[in-house]
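# Need a 3D model of the following:
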Amino acid sequence: LFQAINKLPSFFPSITDARDVEQLSKNNITHILSIHDSARPMLEGMKYLCIPAADSPSQNLARHFRESIKFIHECRLTGEGCLVHCLAGVSRSVTLVVAYIMTITDFGWEDALSVVRAARSCANPNMGFQRQLQEFEKHDVDQVNELQK
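Below is the predicted model of the structure:
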């Protein structure tokens, strides 16, 4: 369990933290995955993946899993840091990090969520996102996992 925590992307609780240049530099953050209603690049010199998405059970986040996983994984393969954030660090960003953990480990979505919760106790994807993670585990994670090899 604790080995998986070491594989987590950098994870800050809020959009405000994603603007803290000093902390980003200190943590070797070069990539930022921003997922919220008005996601857009905020800092020069960073590589961004911006996904506009609401924290709503009806929001389809699963359609962004592959590109998010690829963005995080390619960054980490180069030894650089990837920050994943939404507005509160509770639901949207957690969902993407859980999907990523599922592809780099043998964990199902519930175990991957437990890993995230060990590092961030307030992690709580909404019910719609939990269903999407469950479907990802059943139907897609193995295919995405093969792409990472």
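# Point out the other helices and strands that whichever helix or strand I72 is part of packs with.
Assessed by DSSP states H and E, I72 sits inside helix 65-77. In terms of contacts (3 or more Cβ pairs under 8 Å, 6 or more residues apart in numbering; DSSP states H and E), helix 65-77 is packed against strand 29-36, strand 47-52, strand 81-85, helix 92-104, helix 141-148. Quick note: C-beta positions are derived from backbone N, CA and C, even for glycine.
# highest average neighbour count across those?
helix 92-104 (a mean of 27; mean count of other Cβ atoms under 10 Å).
# Now do that helix against strand 47-52: the angle between them, please.
120 degrees (axes from the mean of the first three to the mean of the last three Cα atoms, to 10 degrees).
# Just name whatever secondary elements the following helix or strand past helix 92-104 is in contact with.
Counting by DSSP H and E, the element after helix 92-104 in chain order, helix or strand, is helix 109-119. In terms of contacts (3+ Cβ pairs under 8 Å, 6+ apart), helix 109-119 is packed against helix 2-5, helix 92-104, helix 127-135.
# okay if I get these as a markdown table plus mean pLDDT and distance to E110?
Output for these, formatted as a markdown table (pLDDT from 0 to 100; distance: least, Cβ to Cβ, whole Å):
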| stretch | mean pLDDT | distance to E110 |
| --- | --- | --- |
| helix 2-5 | 39 | 13 |
| helix 92-104 | 95 | 9 |
| helix 127-135 | 98 | 9 |
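# Nearest to R19, out of these?
helix 92-104 (15.2 Å; Cβ to Cβ).
# Can I get the helices and strands packed on helix 65-77 in CSV including distance to I72?
As requested, the helices and strands packed on helix 65-77 are exported to CSV (distance: least, Cβ to Cβ, whole Å):
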stretch, distance to I72
strand 29-36, 7
strand 47-52, 9
strand 81-85, 5
helix 92-104, 5
helix 141-148, 10
